[in-house]
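Participant: sequence first, predicted coordinates after that:
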Amino acid sequence: MTGKNLAVITARGGSKRIPRKNIKIFCGKPIITYSIEAAIGSGVFDEVIVSTDDEEIKNIAIKYGAKVPFMRSEKTSDDYAMTYEVLLEVLEQYKKIDMEFEYLCCIYPTAPFIKKEILKTGIDIIKNYNADTVLPIVPFSFPPQRSFIIENDNVKFKYSENELIRSQDLETLYHDAGQFYYVNVKRFIETKRIIMDNVKPIILDDIEVQDIDNESDWEIAELKYQMISDKYYK
C-alpha cells in the first residue's frame, strides 16, 4: 500500500527543563493535542501518528485521534537523538508494512499556535514548487547585526561595522518558528537532512510564534494564546 502524506508528531517522554513537557496542560488540555488536532483538521494527511517511547503520551495521542503504530526505539529516545533519525526510523517501520509516502510533515508536540490552514498551505507549496523542504519562519524581533558580546567584562558590538547603521536599514533575518517541517520523502531519505537545497518559507508574524524552553516561556505562550485565540483559533 502506498500512501501520500504522513504527519509525524515527535514526542518522547524525557524532558528536563519542563518535566513531562509534551503532555503538560496548556490552556486546559495537553499541549500535544493542539498539534494532533491541527494535523487531523487539515485533512491533508493519510496518516497522523505520534512517535514516542512513553506509554502515557501514547494513550493521550490515541485519545485525541492520532495513531501510535509502533513505539520509538531506545536509540532514538535519548537526549542525543536527532529529529532526522526519528523520522527515518518511522519511514523504515512503515516500509516494513509496505507503506511509503511522498511527503512527510514533522510536527512538534509543543506548538499550540499551529493552525490547520497553515498545514494546508505547506502541502500546497511543497507540491506546487517541487520543493525539498517547507518550513515556517519568523523575523528576528531585533536585528542580530546589532547584537552585543561581553569581552573581558566589557560590552561591545559583535559586528562593529553596523554600529552606525539604522536598524531599519539592515537586512531582515529570520529564524525557525519551531512548529513543523514538510519534506519530500525521497529527497529526505537520500540526503538524511531536513533543511535541504530547495527550501521554501512560510513567513509568520511574531504573535503566532513562541519558543517554549522553560517555565517563563510556557507562561508567556499561554498568555499569548489566550490573547489571540478568539481571532485565530475559533
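Facilitator: Perfect, thanks for sending it.
Participant: could you use CA atoms for every contact and neighbour count after this?
Facilitator: Will do.
Participant: what ranges do the helices span in this structure?
Facilitator: With helices called from DSSP state H, the chain shows them at 32-42, 55-63, 83-96, 116-128, 185-191, 215-232.
Participant: among those helices, which comes closest to residue 75?
Facilitator: The closest of the helices of the chain to residue 75 is helix 83-96. By CA to CA, the value is 9.1 Å.
Participant: so can I have TSV of the helices of the chain showing mean pLDDT?
Facilitator: Conversion of the helices of the chain to TSV gives the following (pLDDT from 0 to 100):
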stretch	mean pLDDT
helix 32-42	98
helix 55-63	98
helix 83-96	96
helix 116-128	97
helix 185-191	98
helix 215-232	87
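Participant: deepest of those helices, which one?
Facilitator: Mean neighbour count (mean count of other CA atoms under 10 Å) peaks for helix 32-42 among the helices of the chain, with a mean of 22.
Participant: please tell me I have it right and residue 145 contacts residue 161.
Facilitator: No. With the criterion set as CA atoms under 8 Å, residue 145 and residue 161 do not qualify as a contacting pair; they are 9.0 Å apart.
Participant: which one's more surrounded, the two?
Facilitator: Using other CA atoms under 10 Å, the more surrounded residue of residue 145 and residue 161 is residue 145, with 19 against 10.
Participant: mind checking how far that one is from residue 167?
Facilitator: Separation of residue 145 from residue 167 (CA to CA, to the nearest Å) stands at 9 Å.
Participant: residues that sit against both of those two, list them.
Facilitator: Shared contacts of residue 145 and residue 167 (CA atoms under 8 Å, 6 or more residues apart in numbering): none.
Participant: next one: residue 52 relative to residue 137, how far apart?
Facilitator: Taken as CA to CA, the span from residue 52 to residue 137 is 26 Å.
Participant: chain center to stretch 11-29: distance?
Facilitator: With CA atoms, centre = their mean, to the nearest Å as the basis, stretch 11-29 stands 15 Å off its chain's centre.
Participant: state the mean pLDDT of it.
Facilitator: For stretch 11-29, mean pLDDT rounds to 91.
Participant: ok, stretch 147-156 next?
Facilitator: Mean predicted confidence for stretch 147-156 is 96.
Participant: hmm, who's touching it?
Facilitator: 157, 158, 159.
Participant: repeat that for 10 Å
Facilitator: Identification of contacts with stretch 147-156 by CA atoms under 10 Å, 6 or more residues apart in numbering yields 157, 158, 159, 160, 162, 163.
Participant: those in strands, which ones?
Facilitator: When DSSP state E defines the strands, the subset of the contacts of stretch 147-156 inside them is residue 157.
Participant: if we can go back for a sec, ok, which of the helices of the chain comes nearest residue 197?
Facilitator: Closest among the helices of the chain, once you apply CA to CA, is helix 185-191, at 9.8 Å.
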